[in-house]
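Got a predicted structure here, sequence first:
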Amino acid sequence: MPVPVAPQQLIYGLDSLPANLQMVLGENGTAFVAYGPNAVSFNLSSGAVNWDYQAGTQSALSVMEALTGNEVDVNDSQNGIIHLDSSGNSSPIAGPSMGIQTFWNGQALAEDSTGTSQVQMPSEVPAASSSWALPAGNQSGNGLGVLQSLLGIPTNYQQHQLPLPGLPLNSNYNAIELLTSVSPADIFNTYLATFAGAGIDPTGNTVVGIVDAPPPPITASGQTVTFELQSFLNYIPDPLTCGQPGPPTIPCTTLAAPFSVQIERFDTSANTISAVTLVGHPLAGWRYWRVFSIGVNDVVIETGAVDTYAVLLLNPSRSAENIAGYYVFRQRQMKTWADDLRYIQQKLGAPQGSTPQYNVVDGQWNPQWPPQSYILNNVCQSTTCN
Amino acid sequence: MATAKLHFEQRVSINHMQLKWKITPRVLIICIIVAAALFTSGYAKLSLVHAAAGGTLFWHVDEAYLFLDYINSGVRMTYLSYLLEVPRTMIGGPTLRSDVSCSVLVLRISQQAIDPYTTRDVCLGDFRFVMGEIYSRGGIDGSLWKWSGTAFIRASGDEERAFNPVAPGGFSGFDNVDGWSERPVFVTTARDGQEVPFSLGGKKLSLLIRQNRLREVSIDLTRPGQAPERIWSLDESARWVSKARYEQIFPGAKTELKESQK
């Protein structure tokens, strides 16, 4: 396939072989390549150019890193580091640099042209979901494609963590029927959209707690909610990780890092919220929460999940922990939402109904009902999500 | 051919010689120390406590009330159990608490002063404004409590029946209902740098929420023309405390300990 950028003729390298232009993969079939003063975004399958950024004729551009949303950072030998958005519009990041050094924790340092100071690149922008977001694959330049977040370092990473093919998908389901005159919409707005009772156990034996969320309530899909395991060891700040950069609201902990989900569906007409796990979560899968009426003054609040353990290809020890925790503490996952349902019941002061199908407060693992298709349909209105 | 004659030490088996070495006094002492350490780690206990809080601000013309609900959770575990918490936490196991105690601190903010009022031994939160009164349902038994102006007291049966659990307030806040307004200060989590503006006597004031990664949470009050004043702070990290201090935080635990020692 011809590369949609200069040169127009074969250029030979020092080894007398045709020069190998370094390409970097972006998202959804997009790739980037830079040569001379040009940086180009193009479609991998068709070769069609999305945009062609052209710097001054004296500039030599090189791609530094592909970013989410098919944005990219390039190093301009004359003008410094430039950020190009998904339409190819440029904005400067740092002045002319002598070299860029990227680190496995996602940070990058650019040494200025005088060689006397270093500029820390913005680290809040995550790499593209491609496993080839950096030239030559990764920071070591050994050609091994790797997602930055596979190491689990950026805890607020926004990439979905979906079940890997071949892993066992399990479901779990909690529900409660409440006899109350409070409408499903009010319950949704007051308790589900706020995650108010998530993991709240009056006896103090909570499983997880929310450490970061939009100012309650949840108002749209795409928002992120971050949880933390309620272990006393997690409440003891780790002096090593506390010195590392990170959002001030995310505590620095030693053993079990906070983990996040992203709201996938926020549907006020169906009083339903669903979420997908993000990279760094010990699980990979989806969960939904829903409230609906089954009669006069008779409502059901339910939550169900289809998930498996998260496997990190480059982090076998973390994967082993996830697998062990998934099976050893699977009851704890359901307890979190049993606590949530009981919290709502208590706050409403409502008696519990008696329909067996909807009174599964403590939760069931791989229940006969509902099937996974029911849960996934509530998650994404399809029997297969993402 | 002459046959070699072995001395006694040369004739004992290898196993016998190793056994003889193992039971030297030095090895015996080491074994006793290790056994004592294991026994102690499985018997002696340490006490861990952790505090968390939520907050809600109500205000009207000339006074504001900042409701801060605390929950202290604690656990007494053997040193051996504490060591086992490490792998347990690594695979996602939460700490099983032994004790919980709650209280509510209310800071009444006027144009001149800040007055604290504490109601002990009640687990509240999710404060609701209903018909000019502020209520909260207890977290342990679901009972309804009402703010009297100086303390939380049990609500009457009539109030229980009239209570609207989705009344304005709690998580979203409201403006000017019977002259009152409400904002959540932090409900599920604090947001570092979050500012909560409000007004007293026509003057604009604000609360500034600070949180850092060491789990220190604080609230600064800013009055017009004055430097910010820190009115509250809490260290939400887990800490080790003495047995006496633990029993002071969890009075019920003292009874349980004595019962278990009988």
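Arrived safely. Numbers count the residues shown, from 1 in each chain, chains lettered A, B, ... in the order given.

Residue 85: what's its closest spatial neighbour, skipping adjacent residues?
Because you didn't say which chain, this covers chain A. Nearest non-adjacent residue to A:D85, counting by Cβ to Cβ, 6 or more residues apart in numbering or on different chains: A:E71, 5.1 Å away. For every residue, glycine as well, the C-beta is placed using N, CA and C.

let's do chain B instead
Leaving aside its sequence neighbours, B:E85 sits nearest to A:L233 (Cβ to Cβ, 6+ apart; 5.4 Å).

and the one you found, that's in a strand?
No - in this structure, A:L233 is helix, not part of a strand, as judged by DSSP: H, G, I helix; E, B strand; the rest coil.

Count residues in the vicinity of it, would you?
By other Cβ atoms under 10 Å in any protein chain shown, 20 other residues sit near A:L233.

Next: A:T68.
Neighbours of A:T68 using other Cβ under 10 Å come to 18.

what about the stretch 151-300 of chain A, any weak spots by pLDDT?
A:151-158, A:199, A:202-207, A:211-216, A:239-251, A:253-254 (pLDDT under 70).

Run through the helices of it in chain order.
For the stretch 151-300 of chain A, the helices defined by DSSP state H, counting those that start in this stretch cover A:184-187.

need the strands for it, in chain order.
Secondary structure of the stretch 151-300 of chain A (DSSP state E, counting those that start in this stretch): strands at A:170-178, A:208-212, A:224-229, A:259-267, A:272-277, A:283-295, A:298-309.

To B:S206, which of those lies closest?
Checking the strands of the stretch 151-300 of chain A against B:S206 by Cβ to Cβ gives strand A:208-212 as the closest, at 22.2 Å.

coming back round to it: the strands of the stretch 151-300 of chain A: which one's closest to chain B?
Closest of the strands of the stretch 151-300 of chain A to chain B is strand A:208-212, at 4.3 Å (criterion: Cβ to the nearest Cβ).

quick one on the thing from earlier: thinking the residue nearest to B:E85 is in contact with B:P87, fair?
No - with contact defined as Cβ atoms under 8 Å, A:L233 does not count as touching B:P87 (10.5 Å).

how far does stretch B:75-84 sit from the chain's center?
18 Å (Cα atoms, centre = their mean, to the nearest Å).

buried residues in that stretch?
Neighbour counts over stretch B:75-84 (16 or more other Cβ atoms under 10 Å in any protein chain shown) mark B:75-77, B:79, B:81-82 as buried.

wait, does it make contact with chain A?
Yes - applying Cβ under 8 Å from any Cβ of the partner chain, one finds stretch B:75-84 touching chain A at B:V75.

Would you tell me which helix is longest in the chain?
In the absence of a named chain, this looks at chain A. Using DSSP state H to define each element, chain A has its longest helix at helix A:330-348.

ah, I was thinking of chain B
Criterion DSSP H: the longest helix present in chain B is helix B:25-43.

Run through the neighbouring helices and strands of the following helix or strand past that one.
Once helix B:25-43 ends, the next helix or strand along the chain (criterion: DSSP states H and E) is strand B:45-59. In terms of contacts (3 or more Cβ pairs under 8 Å, 6 or more residues apart in numbering or on different chains; DSSP states H and E), strand B:45-59 is packed against strand B:63-78, helix B:79-90, strand B:180-186, strand B:195-200, strand B:229-235, strand B:239-241, helix B:243-249.

Buried residues, the fifth one. List them.
Of the residues in strand B:229-235, those buried by neighbour count under the rule 16+ other Cβ under 10 Å are B:231-232, B:234.

quick one: which of those is nearest A:Q368?
Closest to A:Q368, out of all of these and judged by Cβ to Cβ, is B:L234, at 46.6 Å.

what sits against the closest one?
Residues near B:L234 by Cβ atoms under 8 Å, 6 or more residues apart in numbering or on different chains: B:51, B:53, B:70, B:216-218.

can you check A:S221 too?
A:263-266.

pLDDT below threshold where in the stretch 101-250 of chain B?
B:167-172, B:187-191.

Any idea which residue of it lies closest to chain A?
B:A238 (3.5 Å).

ok, and the closest non-adjacent residue to that residue?
Nearest to B:A238 is A:Y235, by Cβ to Cβ, 6+ apart, at 3.5 Å.
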